[in-house]
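Engineer: just to be clear, the model below is a prediction. Sequence and coordinates:
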Amino acid sequence: MADTEIPRPEEQTPQSPFQNVRTNGRAFNSPNWRMKSESSPQASPSPRTNTSRTAFARPGPHVPQAISEGRRLYVGNMPYTAKSEDVEALFTAAEYLIERIDIAIDPFTGRNPSYCFVDLQTKEHAQQAMTELDGRDMLGRPVKIKPGVAKSAERAAEQPRSPVAMGRWRPQEGTSGAKVNSDSSQRVYVGGLPRLTEAESVESNMRTFFQGYSVENVSKVFTPHPAKRFEPGDHYYLFVDFSSVDEAQRAMDTLNGHQGPWGGPLRVQRARGTTNKPEGSSTPGAEGDEQV
């Protein structure tokens, strides 16, 4: 019997542990396939962006520093569909270098709250941008560029106060002290207002709008429910007291849908909770979505 030659261990061909792994196919032909040895391309520098809904609710430590240094800007009157790329394009087109963009994007609707905050690199650039970019077009709307402010100040400006007690509202400061009418059937809801902050201007414009009607009191402007901010249009509102139910009804019949002092049509409807109507009236007690 012939001897069988057995190869020595050192002469055996080593087997690769990856010999059964595929190295071809669609995955290897994909342009997204990269070997470990390949170096990743360097991405072009871009501003840090926060699109979370908590971008304004819990601002990071960068916010106080940017505000104190005068580098933080408020960008308002934005289209609801605008994204961080549109904000970046607005500033980079004018050759302003952005350090950070804070813009809240609703994950369900994909909309922003019509404003965001932008941190530029220097205070000088921020001041120039306010002058140069204020009123510039962004997707068909002229944006407003103002200094960024602390969140506590924003909350104080926008926090709605409860109108339930004290006859639904208190007389506005600086007014002539017109009495608050306790008869809610003589009260009218006026909706479709933009955000307004000057109380005296609001009252004078409302009295001009209702010229020829016996107006006894104009309330402060109320902030809409947060959900309304993602809907197009203006949703701030106020209430107006008339001297009689007939006067209130006449104002609703005549002025509902008319263009207001600030350009848009106003909703003039009976305030929620009022059921009394002038005798013979067929207009039901309307309730606006923003009524409290």
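Structural biologist: Nice, thanks for sending it over.
Engineer: my guess is Pro232 contacts Pro79, does it?
Structural biologist: No: applying Cβ atoms under 8 Å as the test, Pro232 and Pro79 come out as separate, 9.0 Å apart. Every C-beta, even on glycine, is put in place using the N, C-alpha and C of the backbone.
Engineer: who has more neighbours, those two?
Structural biologist: Pro79 (16 against 10; other Cβ atoms under 10 Å).
Engineer: pretty sure the more buried one contacts Arg141?
Structural biologist: Yes: the criterion here is Cβ under 8 Å, and Pro79 meets it with Arg141 at 5.1 Å.
Engineer: partner residues bridging the residue nearest to Gly257 when sequence neighbours are not counted?
Structural biologist: In this structure, Gly257 finds its nearest non-sequential neighbour in Pro265, 5.3 Å apart by Cβ to Cβ, 6 or more residues apart in numbering. Beta-bridge pairing of Pro265 under DSSP bridges involves Gln259.
Engineer: one more: Asp137?
Structural biologist: Pro142.
Engineer: do you know how far the residue nearest to Gly257 is from Asn256?
Structural biologist: 9 Å (Cβ to Cβ, to the nearest Å).
Engineer: quick one: buried residues of stretch 91-110?
Structural biologist: Phe91, Tyr96, Ile98, Glu99, Arg100, Ile101, Asp102, Ile103, Ala104, Ile105 (16 or more other Cβ atoms under 10 Å).
Engineer: ok, back up a step: which neighbours do Pro232 and Pro79 share?
Structural biologist: Taking Cβ atoms under 8 Å, 6 or more residues apart in numbering as the contact rule, Pro232 and Pro79 touch no residue in common.
Engineer: next secondary structure element downstream of the least confident helix or strand in the chain by mean pLDDT?
Structural biologist: Of the helices and strands making up the chain, the lowest-confidence element is helix 151-158, at a mean of 45, by mean pLDDT, DSSP states H and E. With elements assigned by DSSP states H and E, the helix or strand that comes after helix 151-158 is strand 187-193.
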